[in-house]
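Peer 1: only geometry, no sequence info:
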């Protein structure tokens, strides 16, 4: 499968992530992804790799749905946040928008709406 080389095996699970690796050896350096890396789906869309972007985006959207926000750092081995706060980063929303513009798939409108509702519920100042 395209992009299969970037899959990380964690017990019996194959998680579609781009892991943080050593720049000289390629060894996996840690077991987390951060909320900033949600930008990569948008970059993939802009480079024309929409299918891979949709797969990458699905991981971050699944994390969002599980926690009601994208934790600053999510450990893909423990499947729990390492840094359980969300500083209102726009990367996932931007990638969602770019995927919608590229595909016109109403699913991404739903994702955007769900993210907005979650932000209003959990992040609104009183």
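Peer 2: It's in. Quick caveat: nothing in here was measured; it's all calculated off a predicted structure.

Peer 1: Where does the prediction get shaky in the chain?
Peer 2: 1-15 (pLDDT under 70).

Peer 1: can you pull out the strands in this protein?
Peer 2: With DSSP state E as the criterion, the chain has strands at 8-10, 13-15, 32-34, 73-75, 80-83.

Peer 1: And the contacts of stretch 111-122?
Peer 2: If you take Cβ atoms under 8 Å, 6 or more residues apart in numbering as the criterion, stretch 111-122 is touched by 61, 64-65, 68-69, 86, 88, 92-93, 96-97, 100. All C-beta spots, glycine's among them, are computed from the backbone N, C-alpha and C.

Peer 1: can you redo those residues as TSV with distance to residue 18 and neighbour count?
Peer 2: As requested, those are exported to TSV (distance: Cβ to Cβ, whole Å; neighbours: other Cβ atoms under 10 Å):
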residue	distance to residue 18	neighbour count
61	16	23
64	17	22
65	20	14
68	24	15
69	21	24
86	21	19
88	23	10
92	15	25
93	19	19
96	18	26
97	20	17
100	22	18
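
Peer 1: quick one: the residue nearest to residue 65 when sequence neighbours are not counted from residue 69, how far?
Peer 2: With Cβ to Cβ, 6 or more residues apart in numbering as the criterion, residue 65 has its nearest non-adjacent residue at 7.6 Å, and that residue is residue 114. To residue 69, residue 114 is 11 Å away according to Cβ to Cβ, to the nearest Å.

Peer 1: where exactly do the helices run in this structure?
Peer 2: Here the chain has its helices, by DSSP state H, at 39-46, 50-67, 91-103, 106-123.

Peer 1: In CSV: those, plus distance to residue 20.
Peer 2: Below are the helices of the chain laid out as CSV (distance: least, Cβ to Cβ, whole Å):
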stretch, distance to residue 20
helix 39-46, 12
helix 50-67, 15
helix 91-103, 16
helix 106-123, 25
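
Peer 1: quick one, which of these is nearest to residue 31?
Peer 2: For residue 31, the closest of these is helix 50-67, at 14.0 Å, according to Cβ to Cβ.
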